[in-house]
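S.K.: pasting a predicted model and its sequence here:
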Amino acid sequence: MLIQKFLLEVTGTTDIQLLQQALQVSNGDLAEAVAFLTEKNAKVPQQDETTYYQTSQVASDRYISVGSQADTNVIDLTGDDKDDLQRAIALSLEESNRAFRETGITDEEQAISRVLEASIAENKASLKRTHTEVWSDSPNPHDRKRKDNCPVGLKNVGNTCWFSAVIQSLFNLLEFQRLVLNYSPPARVLDLPRNQKEHRNLPFMQELRNLFSLMVGSKRKYVDPSRAVEILKDAFKSSESQQQDVSEFTHKLLDWLEDAFQMKAEEDSVGEKPKNPMVELFYGRFLAVGVLEGKKFENTEMFGQYPLQVNGFKDLHECLEAAMVEGEIESLHSAENSARSGQEHWFTELPPVLTFELSRFEFNQALGRPEKIHNKLEFPSMLYMDRYMDRNREITRIKREEIRRLKEHLTLLQQRLERYLSYGSGPKRFPLADVLQYAMEFASSKPVCTSPVEDIDTSAPPGGTTGQHSGSASAPTAAATAAQQQRVAVHKPFTQSRLPPDLPMHPAPRHITEEELRVLEGCLHRWRSEVENDTRDLQGSITRIHRTIELMYSDKSMMQVPYRLHAVLVHEGQANAGHYWAYIYDPHQRCWMKCNDISVTKSSWEELVRDSFGGYRNASAYCLMYINDKKPFLIEEEFDKETGQILSGMDKLPPDLKQYVKEDNEQFDKEIEEWDAMQARKAQQEKLALAAAAAAASAAPSIPQQDPEYLEQPSPTNDFKHLQEDTERAISRAAAEQEERNPEVLLNAAIKLEYARLVRFAQEDTPPEMDYRLHHVIVYFIQNEAPKKILERTLLTQFADRNLAFDERCKSIMQVARAKLDLIKPEEVNMDEYEMWHQDYRNFRETTVLMVTGLELFQKSNYVEALMYLIYSYQYNRELLLKGPYRGHDEEFLGYHRRECLLKLNEQAAAMFESAEEPEVTTGLGIMNELVVPCIPLLLAYDTEKDLLAVEDMRNRWCSYLGQEMEPNLQEKLTDFLPKLLDCSTEIKSFHDPPKLPSYSTLELCERFGRIMAALGRGPTEGR
């Protein structure tokens, strides 16, 4: 059954015979079976209703999680004996049981393992997966120390965010936590496990206990789950880079836990039916009530995680309603022996922990790969399950029938309302009330000028010919007409098509009497009032029906089975790659917690909704975990039987785990002690070395340092003189405030003063024209939270400037600073990281230069030259902002001017084309082909609304020329150009090289930045 379920979900094939044929042809290899069915689906016609229902009935265990306890009691009311298919299933089960007795692993598990291996191989060959970050531990154990009783995170040991999300959700179910922590393996299998399953499940169970105990009592901020993960990965036979599916992993985890607890339950229960706490916690039962070709049947089935389809539904109740009813069920409610087939599902027993598996992935047979469904799906924090319970079957059916009737009536009302709101017979429709209003406005309008009809000579014969006139006047007229016919007219497509100047300025009736206007206004006004009243009545009726449907299950009798949302597992990304995290409700603090690998932080319902409902970015809920709100033991803390106090921390743990956590904490304390001792030794060594360096500083020549160019000062008269002056001011202030004249003391005091000054700059709320990040690299580092060691080395570099040696005091301070730089060891400051931060600042300055130059050219209306500066500054700025919000400039401001520059160039090019003069047309099309068109993919790449509208504006301008009269050569050029403009791909086919950067000093750059920002202001970004 599980194999058929897998094939059905992957390929969409519901023909049971075809599924069996695929398994026979592939000899049990599911990878080949998938390929066989995918090929067959292109040839097999749509199956009929009977075949579909037979498939649904036979494969009804699609809701059953894999597990030894998922037994099924079938009540067959059809009266038929076992058919060939049932005998085949029985033989298959017998074969599977024999293999299970020998190895402890079922055929289904072996088949899933083969499919996983095939899938992994295919993904490696065809898909480039995004590797999630593997956390690297800070060398300082104080950074990894748990604060107070904060929740403990889980380290990502290589694409294991899926593991962290599920484990955190289960760990915070306190009843589940207690079961795991207090588990003890059966005595009979301690020495020699009987089969491969016991060899695997029992070690995993022990590692899970160890992990949970560390999450309870560890002194660490986060713990390492590697041992448990490795056992799981061995079972999945996957590589380290393979990201597991949350539901797949949860199925496997609960299956293993069920087996482990089943062994213990069988040992503890003598002569009684063993009770498995995992089954009692996570498994429920439902009744499948159906009719097949007029014959009724009932099947009782067990389920674990309940799968729900997302596509086509707006909320969780709609998903559940669709999952509970399949096929046509009218025959269930009538006494007639109908030939229709269908079935309903009714829960007879719900588990304390109810888990919904949201199917957000579907297999695209055309593309041959899975795709994620990003549709929005809402779900409540409190879910009432009464309407789905078997005991409420009759009242629910009545309510469903009432809702069906209301929805039919609602559809009719919405159709009637649509006729009022979208009136007309053509392609464009308008609200009828507006149409009547427009007609009234037209009728009451007065023409501004005389109608051109009054100037027409009504005595002239039709066809525009003149009558026979006598006299000499006719001769010159005829001659002039002949000359006019011989003259070749010069065609100006955009000037000769202009309207005559004597047409009215706005549409108005040519002639209407006062009586006609009075009657017409009266009718239109009355009709408009009638339409508005009808529209209001329809809208009111629709609102009332919606409200009635919403309140259908709100009576107290249908709110007796409350389930509260406990955890939401979220996936962000696509079908082939992504990241998982979990939102978990803490009932004691009454808030939501976001568990994202090593980070466990407080969150909110609003953040959960944004990340979980879908339709926003690529993040959406993948699994929902609800708990029975009437069973508080699920989340209640444990109490000491003697004292009555709540057990917390180490008191929760049994003796063996208490000792395990104690040893780990002692090891962590030892690590902290060793770190503190090492830091103390370093400080003492540094103090002695500095004293020796200061004593020998006057005699020893200084070693030249390789500093960033914005910190180099080769002479006191260059562009960076202000930086030297700031340093000297800090030294002077330090000397004035310090009685001690020791160079090291003065250096430390000066650095503190300079750092305090720069911190004030970094924290100051400045206008747009003032950006202190351009004044000093330290301001940039502070705002972007650079590591402390990077800041210290950068400040030391500033005070180690060899140009400070204009007096003995500055000279000695410079020498001490250079000595400190020499004493910094590679392991203390990562020079690669140091260079990376300074490279980011260089990129920030280069981006600023590009932006300032582009904006200055834009202000001068030099859009051709400005474009490349604005394009590259926007791209570089976007790359900076990916690392943090203060790494670059305001993206919206830059995007506005990039967009406006392209629109201005489009206007210029269009005006040149409209001139119909050959040189102008060529220049205009050149601007479009060389500048505008190559930039359009950049506007389409990020799907921002304003950029998309700008692209539409540009395209509409050129498409408006289609159908206008123009010379053939212009029509040919337009036809050749439009496909390039309308290309919807985001691939950048050709582009200009980055413009050369002008050389600005820091002071000059700050001044020019301030001038252009003050001149342009920030207002325009609110517009297009």
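M.R.: Noted; the coordinates are in hand.

S.K.: contacts and neighbour counts: CA atoms only from here.
M.R.: OK.

S.K.: okay, buried residues for stretch 589-601 please.
M.R.: 592-598, 600 (16 or more other Cα atoms under 10 Å).

S.K.: run through who's touching it.
M.R.: Under the contact criterion Cα atoms under 8 Å, 6 or more residues apart in numbering, stretch 589-601 has outside partners 151-156, 161, 164-165, 168, 221-223, 580-586, 602-605.

S.K.: so which of the residues you listed are in helices?
M.R.: Counting by DSSP state H, the part of the contacts of stretch 589-601 found in helices is 161, 164-165, 168, 605.

S.K.: re earlier: kindly supply the PyMOL command isolating those of the contacts of stretch 589-601 that are buried.
M.R.: To isolate the buried members of these in PyMOL, using 16+ other Cα under 10 Å:
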select buried, resi 151+152+153+154+155+156+161+164+165+168+221+222+223+580+581+582+583+584+585+586+603
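
S.K.: check which helix or strand covers Leu436.
M.R.: helix 432-443 (DSSP states H and E).

S.K.: average pLDDT across that helix?
M.R.: On average, the pLDDT along helix 432-443 is 90.

S.K.: numbering from 348 from now on, please.
M.R.: Done: numbering now begins at 348, and the last item shifts to helix 779-790.

S.K.: by contact count, what packs against that helix?
M.R.: Secondary-structure packing of helix 779-790 (3 or more Cα pairs under 8 Å, 6 or more residues apart in numbering; DSSP states H and E): helix 740-768, helix 861-897.

S.K.: mind listing what's buried in the last one?
M.R.: Which is helix 861-897. 867-868, 871-872, 874-875, 878, 882, 885, 888-889, 892-893, 896.

S.K.: give the buried residues for whichever helix or strand comes after that helix.
M.R.: The element immediately downstream of helix 861-897 (helix or strand, assigned by DSSP H and E) is strand 909-921. Under the neighbour-count criterion of 16+ other Cα under 10 Å, strand 909-921 has 909-921 buried.

S.K.: CA atoms of strand 909-921 as CSV?
M.R.: C-alpha atoms of strand 909-921 as CSV (Å, rounded to 0.1, in the frame of the first residue of the first chain):
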residue,chain,number,x,y,z
PRO,A,909,-10.8,22.5,20.8
TYR,A,910,-7.3,22.1,19.5
ARG,A,911,-4.8,24.8,20.1
LEU,A,912,-1.9,25.5,17.7
HIS,A,913,1.3,24.3,19.3
ALA,A,914,3.9,24.5,16.5
VAL,A,915,4.2,25.6,12.8
LEU,A,916,7.0,24.2,10.7
VAL,A,917,8.0,26.7,8.0
HIS,A,918,9.8,26.1,4.7
GLU,A,919,11.4,28.9,2.7
GLY,A,920,12.7,28.3,-0.8
GLN,A,921,11.8,26.1,-3.7
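
S.K.: residue contacts, Leu1317?
M.R.: Counted by Cα under 8 Å, 6+ apart, Leu1317 has contacts Ala1263.

S.K.: go through the helix or strand containing Glu1351 and flag the buried ones.
M.R.: Secondary-structure assignment from DSSP H and E places Glu1351 in helix 1349-1363. By 16+ other Cα under 10 Å, the buried positions in helix 1349-1363 come out as 1349, 1352-1353, 1355-1360.

S.K.: lowest-pLDDT helix or strand in the chain?
M.R.: Within the chain, confidence by mean pLDDT, DSSP states H and E is lowest for helix 396-405 among all helices and strands, at a mean of 34.

S.K.: on that earlier part again, for the buried residues of strand 909-921, which one is nearest Ala380?
M.R.: Ala380 lies nearest to Gln921 out of the buried residues of strand 909-921, by Cα to Cα, at 25.1 Å.

S.K.: gap between the closest one and Thr702?
M.R.: Between Gln921 and Thr702 the computed distance is 23 Å (Cα to Cα, to the nearest Å).

S.K.: same deal with Lys723?
M.R.: 19 Å.

S.K.: compare the two (neighbour count), which wins?
M.R.: Neighbour count, other Cα atoms under 10 Å: between Lys723 and Thr702, Thr702 has more, with 23 against 18.

S.K.: so what sits opposite that one in the bridge?
M.R.: Met972 (DSSP bridges).

S.K.: need the contact list for it.
M.R.: Residues near Thr702 by Cα under 8 Å, 6+ apart: 629, 651-653, 970-973.

S.K.: returning to what we had before: among the buried residues of helix 1349-1363, show me the least confident.
M.R.: Thr1349 (85).

S.K.: that one touches Leu1121, doesn't it?
M.R.: Yes: with contact defined as Cα atoms under 8 Å, Thr1349 reaches Leu1121; the gap is 7.0 Å.

S.K.: tell me the confidence at Asn1065?
M.R.: pLDDT, Asn1065: 44.

S.K.: number of nearby residues for Asp1112?
M.R.: By other Cα under 10 Å, neighbour count at Asp1112 equals 10.

S.K.: where does it land in three-state SS?
M.R.: coil (DSSP: H, G, I helix; E, B strand; the rest coil).

S.K.: ok, now Arg1088?
M.R.: Following three-state DSSP, the label given to Arg1088 is coil.

S.K.: how close does the residue lying closest to Glu522 once chain neighbours are set aside get to Thr1349?
M.R.: Distance criterion Cα to Cα, 6 or more residues apart in numbering; nearest residue to Glu522, sequence neighbours excluded, is Leu981 at 4.8 Å. For Leu981, the distance to Thr1349 equals 63 Å [Cα to Cα].

S.K.: do Ser791 as well
M.R.: From Ser791 to Thr1349 the distance is 66 Å (Cα to Cα).

S.K.: same thing with Glu1182?
M.R.: 20 Å.

S.K.: returning to what we had before: what angle separates the helix holding Leu783 from helix 740-768?
M.R.: Helix 779-790 and helix 740-768 are oriented at 10 degrees to each other (axes from the mean of the first three to the mean of the last three Cα atoms, to 10 degrees).

S.K.: report the buried residues of helix 779-790.
M.R.: 779-784, 787, 790.

S.K.: okay, the angle between that helix and helix 861-897?
M.R.: Using the same axes, to 10 degrees: helix 779-790 against helix 861-897 is 160 degrees.

S.K.: list the contacts of helix 779-790.
M.R.: Contacts for helix 779-790 (Cα under 8 Å, 6+ apart): 767-770, 854-856, 864, 867-868, 871-872, 874-875, 878-879.

S.K.: what do you get for stretch 1184-1203?
M.R.: Under Cα under 8 Å, 6+ apart, the answer for stretch 1184-1203 is 1055, 1121, 1124, 1127-1128, 1133, 1212-1217, 1219-1221, 1223-1224, 1227, 1234-1235, 1241, 1244, 1344-1345, 1347, 1352, 1355-1356, 1359.

S.K.: any idea how far Phe559 is from the spatially closest residue to Val570 that is not a sequence neighbour?
M.R.: Leaving aside its chain neighbours, Val570 sits nearest to Leu501 (5.3 Å; criterion: Cα to Cα, 6+ apart). Plainly put, Leu501 is 11 Å away from Phe559 if you go by Cα to Cα.

S.K.: endpoints of stretch 1342-1354, how far apart?
M.R.: 22 Å.

S.K.: widest-spaced pair of the contacts of Thr702?
M.R.: Phe629 and Cys970 (14.2 Å).

S.K.: His1244 contacts Tyr1216, doesn't it?
M.R.: No: contact criterion Cα under 8 Å: His1244 and Tyr1216 do not qualify, at 10.8 Å.

S.K.: pretty sure Leu528 contacts Pro1001?
M.R.: Yes: the criterion here is Cα under 8 Å, and Leu528 meets it with Pro1001 at 7.2 Å.
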